[in-house]
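1. Sequence isn't available, so here's the structure alone:
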DNA sequence: CAAATGATTCGCT
DNA sequence: GCGAATCATTTGG
């Protein structure tokens, strides 16, 4: 197993979106290691992508992290109540990102279940069990990711860079709630490309096949007909 | 199954 | 003020 380094993220969003499939989000949170496999992503290509928050070079406080270095987390609030977890890709001042739309729980499933529904997994209705993390808002709730994680560095080197004790304290508290993405296994799978979800306002960009998911995976949020 | 609907906050015009 | 990279629930076939 190894954590992805910054060079992984410093590429075109379309490439990173595909290569993030099968990787694992690892969230060290309140003494537990919440972990889940990425099974569905969407690429947002920045300035020229009408569906992107950074379309046309829009640079507001909300989207500022997208203009920063790759390998950082962009979390935004959607519809007043749900968080969406994104990874900044590309280069500085090229505001691209990948939205993670669905994950498959692989550890601490009771903790994910409690975060989502306040009950352990075995007490959930079967509909709730199968919909635990199959959507961008759902996976954030399950993995305890919210806007406090906006701007967090996925390639955190804070331990190595500590000089003073104060640095160390800060880095430990950072490590207490760190997010990283790991490659753990390399099972083969087929990738389905499809239209992105929820961007009907984006005119011709609404039909670009910039959503990617693992074919046949039961945790994908929206499946194409041929994959049902 | 699919479609309709209400929830609820923030960022921007 | 408006509408959003959503979700749970309800309603109807």
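-> Thanks, I have the structure now. Please read all numbers here as calculations on a predicted model, not as lab measurements.

2. where does chain A come near DNA strand B, residue by residue?
-> A:53, A:58, A:60-63, A:77, A:79-81 (CB under 7 Å from any atom of the strand). Backbone N, C-alpha and C define where each C-beta goes, glycine included.

3. Swap in 10 Å and give it another go.
-> A:53-54, A:56, A:58-64, A:76-82, A:137, A:147, A:150, A:222-223, A:225, A:228 (CB under 10 Å from any atom of the strand).

4. Which members of these occur in strands, if any?
-> Filtering these for membership in strands, criterion DSSP state E, returns A:76-78, A:82.

5. among those, who's most crowded?
-> Ranked by neighbour count (other CB atoms under 10 Å), these have residue A:76 at the top, with 18 neighbours.

6. Please enumerate the helices of chain A.
-> Secondary structure of chain A (DSSP state H): helices located at A:6-9, A:13-20, A:64-67, A:109-117, A:126-130, A:136-142, A:165-175.

7. Which residues are in contact with the spatially closest residue to residue A:217 that is not a sequence neighbour?
-> Once flanking residues are discounted, residue A:217 sits nearest to residue A:39: 4.5 Å by CB to CB, 6 or more residues apart in numbering. By CB atoms under 8 Å, 6 or more residues apart in numbering, residue A:39 lies in contact with A:21-22, A:102-104, A:213-214, A:217, A:219-220.

8. Residue A:61 now?
-> Residues in contact with residue A:61 (CB under 8 Å, 6+ apart): none are found.

9. circling back to that earlier point, out of the helices of chain A, which comes closest to DNA strand C?
-> helix A:136-142 (3.2 Å; CB to the nearest atom of the strand).

10. Run a quick neighbour tally on residue A:214.
-> The burial count for residue A:214: 23, using other CB under 10 Å.

11. hang on, it packs against residue A:191?
-> Yes: assessed by CB atoms under 8 Å, residue A:214 is found in contact with residue A:191 at 6.9 Å.

12. so what sits against both of these two?
-> With CB under 8 Å, 6+ apart as the test, residue A:214 and residue A:191 both reach residue A:21.

13. From the residues of chain A next to DNA strand B, list the buried ones, please.
-> Among these, those buried by neighbour count (16 or more other CB atoms under 10 Å) are A:53-54, A:63, A:76, A:137, A:150, A:222-223.

14. which ones are touching residue A:104?
-> A:36-37, A:39, A:133, A:217-219.

15. for chain A, what are the low-confidence residue spans?
-> Across chain A, the ranges flagged by pLDDT under 70 are A:157-175, A:228.

16. circling back to that earlier point, which member of the ones in strands among the residues of chain A next to DNA strand B is positioned nearest DNA strand B?
-> residue A:77 (5.1 Å).

17. correct me, but that closest one touches residue A:83?
-> Yes: Residue A:77 is within contact range of residue A:83, at 6.0 Å (criterion: CB under 8 Å).

18. shared neighbours of the two, anything?
-> residue A:147.

19. burial count for residue A:22?
-> Neighbours of residue A:22 (other CB under 10 Å): 20.

20. I'd like the distance between the closest residue to residue A:152 other than its chain neighbours and residue A:32.
-> Spatial nearest neighbour of residue A:152, excluding adjacent residues (CB to CB, 6+ apart): residue A:73 at 4.4 Å. Residue A:73 sits 19 Å away from residue A:32, going by CB to CB, to the nearest Å.
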